[in-house]
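Undergrad: just the structure for this:
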Amino acid sequence: MKSTSRFAFLTITLVTLVCSTPAGAQRHVFRSGSDLHEALQQDGANYSFALHYIVGVVDASNGAATKDGFCFDLNANGIKASRIADVVKAFVSKNSQMWDRPGSTLVAAALQEAWPCK
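TA: The predicted structure is shown next:
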């Protein structure tokens, strides 16, 4: 049942991304923390893509914490996507020296700092 819920969430997220993209708009693939930082500073579609990217990283990692990972359960802790985006945005903004790293690395580092494993 849990994997069905995740599959449904990922499907809905993917459909939302595809349907919310204006015709002719460039698809944004986050290759670096710099790209993620830039998108998080904007409004509209770019911010929406950044938010969905962050949620995708979280969803792929949720429940798979390691000794160096982050620990929380979105459902059990009631953490909202907007709260996670705020944490990531603040972390990325204050760690410009990491902007050359993959966006997913910055998301994981931000969450590890905010919700470390005990």
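Undergrad: for the chain, where's the lowest mean pLDDT among helices and strands?
TA: helix 2-20 (a mean of 52; mean pLDDT, DSSP states H and E).
Undergrad: okay, strands next: where are they in this structure?
TA: For the chain, strands defined by DSSP state E do not occur.
Undergrad: residue ranges with poor pLDDT in it?
TA: Scanning the chain for pLDDT under 70 picks out 1-30, 62-77, 118.
Undergrad: could I get the full set of helices for this structure?
TA: 2-20, 33-40, 45-61, 74-77, 81-94, 103-114 (DSSP state H).
Undergrad: how about the fifth one as PDB, C-alpha atoms only?
TA: Written as PDB, here are the backbone C-alpha positions of helix 81-94 (Å, rounded to 0.1, in the frame of the first residue of the first chain):
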ATOM      1  CA  ALA A  81       6.900  20.900   1.000                       C
ATOM      2  CA  SER A  82       6.900  24.700   1.500                       C
ATOM      3  CA  ARG A  83       8.800  24.200   4.800                       C
ATOM      4  CA  ILE A  84      11.400  22.000   3.100                       C
ATOM      5  CA  ALA A  85      11.800  24.400   0.300                       C
ATOM      6  CA  ASP A  86      12.400  27.300   2.800                       C
ATOM      7  CA  VAL A  87      15.100  25.200   4.500                       C
ATOM      8  CA  VAL A  88      16.800  24.300   1.200                       C
ATOM      9  CA  LYS A  89      16.600  27.900  -0.100                       C
ATOM     10  CA  ALA A  90      18.200  29.300   3.100                       C
ATOM     11  CA  PHE A  91      20.900  26.600   3.000                       C
ATOM     12  CA  VAL A  92      21.700  27.100  -0.700                       C
ATOM     13  CA  SER A  93      21.800  30.900  -0.300                       C
ATOM     14  CA  LYS A  94      24.300  30.800   2.600                       C
END
